[in-house]
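[1] Structure of the sequence below:
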Amino acid sequence: MKTKHKYLVALSFLISFTFTTCEKEDNLQPEGEWELSSPVILTPTEDQSIVLDQDTPSESVTFSWEPAVSTEGYAVTYEVLMAPAGTTDFSAPFFTSEPSNNGTNTSLSVSYEALDQALAFSGFPANEEAVVSFAIRANSLSKSSLSTSNVTIMRFENEALPQSLYISGTATENNDDLSQAIALKRLTDSNGELSNIYEVYTSLIAGESYKFYSERSLPALEFGGSDGNIVSFGDAIVANDSQQFRITVNLDNNTYELLQINFWSMVGTPINGGWGGDEPLDYQGNGVWKASINLIETGGFVFRANGDWGYLLKRIVGTPNTLVLEGEAGNQGLTFEDIPNNQTGLYFVTLDLSADNYTYSFEIDDSVVEPIATPAQLFLFENGAMIEEFSLSGDTFSSARFIAMQASNTYTLNSALDESGTSYSVSGILADSATPDGDLVSDAITLLENSNSFSVLTDRALRFNIDFSAPELTWTYYNIKLFHWQIWDERQEIQMSYSHPNTFTVTSNLIAGSDSKFISPWDFDFGSDDPTSLTGNLINGGGANMLNIETDGSYTVTIILNDDYQSGTYEFAQ
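    Residues are numbered from 1 along each chain as shown. As a prediction, this is how the structure comes out:
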């Protein structure tokens with residue numbers, strides 16, 4: 001077996017025709033009163049078999065012929081054409097070239113490598129015989145003649161692999177225009193060398209199809225397939241969902257993989273909620289996400305996909321703003337760090353995953369909304385009944401407690417207890433988040449001076465900060481998890497479901513002899529005042545681990561928290 005080699009040489013055959021007349025211009029005869037004979041093919045001979053040796057790619061195959069003759073002695077030029085076997089119409093050959101001396105020579109040598117790539121671009125498989133027709137075409141003034149023959153060519157043992165890869169099709173963002181095909185990023189290996197793994201962040205349209213190409217024009221290597229497998233010149237891949245994706249193509253093992261990107265978000269010290277918060281970015285198209293985010297502190301952050309800590313973009317050490325996925329940096333020979341930030345204030349944060357270097361950038365958001373005059377008092381009404389009076393500090397009203405709100409009710413804000421004062425509303429729905437299952441879920445929406453009512457997306461207990469100088473209303477809620485473990489590092493973190501009011505429930509299999517606690521990492525940590533009991537009181541930050549499971553089995557676990565989230569009750573029911 002020969003050693004595996006991978007070659008790619010871009011085919012670039014310049015076709016130029018130089019027409020030279022003999023004697024004087026008045027010797028030219030009218031069209032049709034002279035003849036052009038056909039060239040006579042000498043090599044390769046009819047049905048000759050040629051083996052392209054992958055170990056000697058620069059060796060060549062020579063095409064030669066007896067010259068064609070113009071009866072009036074006009075100059076003749078030639079082209080060598082190649083097409084699939086049986087072709088009689090050479091108007092669209094997959095290979096075209098002309099001999100030297102402006103096409104007048106009667107032989108042409110083509111390297112094994114160039115021939116193999118021409119065959120590859122036409123879909124002939126590697127390590128197989130390709131039966132093709134070739135032609136020598138003679139051209140003289142406006143006349144041409146053609147001689148054809150057949151030849152069998154054994155391709156290189158291994159398939160040529162591209163140095164670039166593009167995606168195009170009706171499912172993609174390039175409108176099925178191959179000249180505008182979207183480039184994939186070629187990844188490096190652990191030694192920093194270019195690998196045969198490519199990826200792209202883009203969107204797809206369900207029910208439509210796409211392929212991968214080595215060029216932005218045809219002929220080119222084409223890759224289709226299905227079910228995660230790449231096939232050279234295979235059928236186009238059909239998209240199952242309309243969404244953004246990271247698409248990875250591995251040409252070493254002929255596979256592709258799609259990771260659905262529901263959202264990218266900014267997580268870390270600069271944002272509201274810090275490392276427990278989440279500021280989603282909006283998809284702009286062409287692999288770019290962007291959002292206006294209030295940076296409240298300096299300090300490090302990361303970009304996170306889908307709220308999953310397994311998909312973090314961090315800064316490549318030694319670069320100003322280039323990013324890499326933390327989990328794949330080692331495979332690419334890269335080191336990483338949390339992204340530093342020295343700015344505070346309102347910024348457009350842009351994540352650009354469209355080019356060879358993944359980057360982020362900050363731009364001041366000067367589209368500032370004018371502040372609203374701060375009232376002396378502010379009240380929250382539910383279906384017309386007052387349920388909360390907020391506390392004022394500076395221009396900001398806040399609630400110390402979590403207010404249990406329901407999606408079936410409507411809410412209003414007013415500066416007077418009897419709703420006779422100034423009314424306020426908000427620009428969105430409360431508790432509407434791209435990351436509803438995060439530990440701390442929060443968002444800031446614009447505060448408006450009008451009498452419109454507003455609502456909450458789903459039943460939730462919310463805590464508020466309402467800043468009239470911004471002006472914006474920030475709502476926050478927490479999800480609670482049942483931590484259950486015998487070995488802390490192997491613990492289960494079981495998310496509980498919220499129900500009105502301030503109640504969290506989950507049904508799960510629990511193991512005897514395990515510790516349990518109710519935690520929202522890491523702001524709330526509820527332990528028990530009676531740790532061996534299946535029911536009892538909860539204490540935030542001071543209770544003991546519960547050791548109350550004596551029998552393995554399925555348990556329905558319920559906690560009811562007081563609205564300050566500092567205490568409550570719990571029950572384990574088997």
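
[2] Please name the bridge partners of the most centrally placed residue in the chain.
    In the chain, the residue lying closest to the centroid (CA atoms, centre = their mean) is residue 201, at 2.3 Å. On the basis of DSSP bridges, residue 201 is bridged to residue 246.

[3] phi, psi of residue 81?
    Backbone torsions for residue 81, taken as degrees, to the nearest 10, come to phi -120, psi 150.

[4] Looks like it contacts residue 138 (just checking).
    No - with contacts counted by CB atoms under 8 Å, residue 81 stays clear of residue 138, the gap being 11.6 Å. From N, CA and C alone the C-beta is placed, and that goes for glycine too.

[5] So between those two, which is more surrounded?
    residue 138 (24 against 20; other CB atoms under 10 Å).

[6] just for the stretch 251-400 of the chain, where's the confidence low?
    Judged against pLDDT under 70, the stretch 251-400 of the chain has no low-scoring part.

[7] Break down it into its strands, ranges please.
    Using DSSP state E, counting those that start in this stretch, the strands of the stretch 251-400 of the chain run over 255-261, 264-268, 279-285, 288-295, 301-305, 312-316, 322-325, 336-337, 345-352, 358-364, 379-382, 385-389, 391-393, 396-398.

[8] Could you export these as CSV, including mean neighbour count and distance to residue 40?
    Formatted as CSV, those follow (neighbours: other CB atoms under 10 Å; distance: least, CB to CB, whole Å):
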stretch, mean neighbour count, distance to residue 40
strand 255-261, 16, 49
strand 264-268, 23, 66
strand 279-285, 18, 58
strand 288-295, 19, 60
strand 301-305, 23, 65
strand 312-316, 20, 63
strand 322-325, 20, 61
strand 336-337, 17, 66
strand 345-352, 18, 60
strand 358-364, 16, 59
strand 379-382, 19, 96
strand 385-389, 13, 99
strand 391-393, 12, 99
strand 396-398, 19, 94
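
[9] Using JSON lines, lay out those strands together with distance to residue 96.
    JSON lines is the format used below for those (distance: least, CB to CB, whole Å):
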{"stretch": "strand 255-261", "distance to residue 96": "32"}
{"stretch": "strand 264-268", "distance to residue 96": "46"}
{"stretch": "strand 279-285", "distance to residue 96": "38"}
{"stretch": "strand 288-295", "distance to residue 96": "40"}
{"stretch": "strand 301-305", "distance to residue 96": "47"}
{"stretch": "strand 312-316", "distance to residue 96": "44"}
{"stretch": "strand 322-325", "distance to residue 96": "42"}
{"stretch": "strand 336-337", "distance to residue 96": "48"}
{"stretch": "strand 345-352", "distance to residue 96": "40"}
{"stretch": "strand 358-364", "distance to residue 96": "40"}
{"stretch": "strand 379-382", "distance to residue 96": "77"}
{"stretch": "strand 385-389", "distance to residue 96": "79"}
{"stretch": "strand 391-393", "distance to residue 96": "79"}
{"stretch": "strand 396-398", "distance to residue 96": "74"}
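
[10] as a whole number, average confidence for the longest helix that the chain contains?
    When the chain is scanned for its longest helix (criterion: DSSP state H), the result is helix 112-121. In this model, helix 112-121 carries a mean pLDDT of 94.

[11] now stretch 33-53
    96.

[12] give me every residue that touches the residue nearest to the centre of the chain.
    244, 245, 246, 247, 261, 287, 353, 354 (CB atoms under 8 Å, 6 or more residues apart in numbering).

[13] mind redoing it with 7 Å?
    244, 246, 261, 287, 353 (CB atoms under 7 Å, 6 or more residues apart in numbering).

[14] wait, doesn't the last one sit right on residue 287?
    The one in question is residue 353. Yes - Residue 353 lies in contact with residue 287 (CB atoms under 7 Å); the separation is 4.5 Å.

[15] List the beta-bridge partners for the residue nearest to residue 182 when sequence neighbours are not counted.
    Distance criterion CB to CB, 6 or more residues apart in numbering; nearest residue to residue 182, sequence neighbours excluded, is residue 167 at 5.0 Å. Taking DSSP bridges as the rule, residue 167 bridges to residue 182, residue 212.
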